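> here is a sequence together with a model predicted from it:
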Amino acid sequence: MFKSIKKSVSLIFAMICVFALSAPVVFASEITVDLDEGIISEIYKTNAFVFKAIDKAESKAEKLVNQSSLNEQKEESLDDSINDLGNKLVTKTDKEVNKLIEKAAEQGIEIERTYVEVMLHDKIFEVDPMYVH
């Protein structure tokens, strides 16, 4: 049983890593309008922050899963821990995105919220990297 869980977690983690590594390139190519270099820099920094936070949350979730698989009594608290981890990720990233949206709006730039799904263990959370219009 442990081997099948380990294989599943490894496969999910690999798929998420592939997505995370290819996603910043896709988002960066969306910026096609003439914008102030300062706001472009802020967009890249905020997107980098979002993806770094996603990577950290995925690593923490993997550690939690590995720890709970060693101790069956901890499996009951695993769901709560994963939910807390995902909610903190969403709150933390939304805070940074909201700051950037307000800053861009002051300069007349509209930033669209486009959520991506992030899977932590068996739960999906929606996190918001940004596109510019």
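Everything's here; your move. Residues are numbered from 1 along each chain as shown.
> list the buried residues for the longest helix anywhere in the chain?
Counting by DSSP state H, the longest helix found in the chain is helix 37-70. By 16 or more other CB atoms under 10 Å, the buried positions in helix 37-70 come out as 39-40, 42-43, 46-47, 49-51, 53-54, 57-58, 60-62, 64-65, 68-69. C-beta coordinates here come from the backbone N, C-alpha and C atoms, glycine included.
> now the helices: where do they sit in this protein?
Along the chain, the segments classed as helices by DSSP H run 2-28, 37-70, 75-106.
> now the first one: average pLDDT?
This points to helix 2-28. Average pLDDT, helix 2-28: 59.
> over to stretch 109-124?
Mean per-residue pLDDT for stretch 109-124: 83.
> report the buried residues of that stretch.
Neighbour-count burial for stretch 109-124, counted by 16+ other CB under 10 Å, picks out 109, 111, 116, 118-121.
> save those residues as a markdown table, and put in distance to Lys88 too.
Converted to a markdown table, the buried residues of stretch 109-124 look like this (distance: CB to CB, whole Å):
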| residue | distance to Lys88 |
| --- | --- |
| Ile109 | 28 |
| Ile111 | 23 |
| Val116 | 17 |
| Val118 | 12 |
| Met119 | 16 |
| Leu120 | 11 |
| His121 | 15 |
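> show me which of those is closest to Glu96.
The shortest approach to Glu96 among the buried residues of stretch 109-124 belongs to Ile111, at 12.1 Å (CB to CB).
> for the closest one, give its distance to Asn83.
28 Å (CB to CB, to the nearest Å).
> for Ile54, same thing?
Distance, Ile54 to Asn83, by CB to CB: 16 Å.
> and for Ile124?
Distance, Ile124 to Asn83, using CB to CB: 12 Å.
> in contact with Asp36, which residues are there?
The contact partners of Asp36, by CB atoms under 8 Å, 6 or more residues apart in numbering, come to Gln107.
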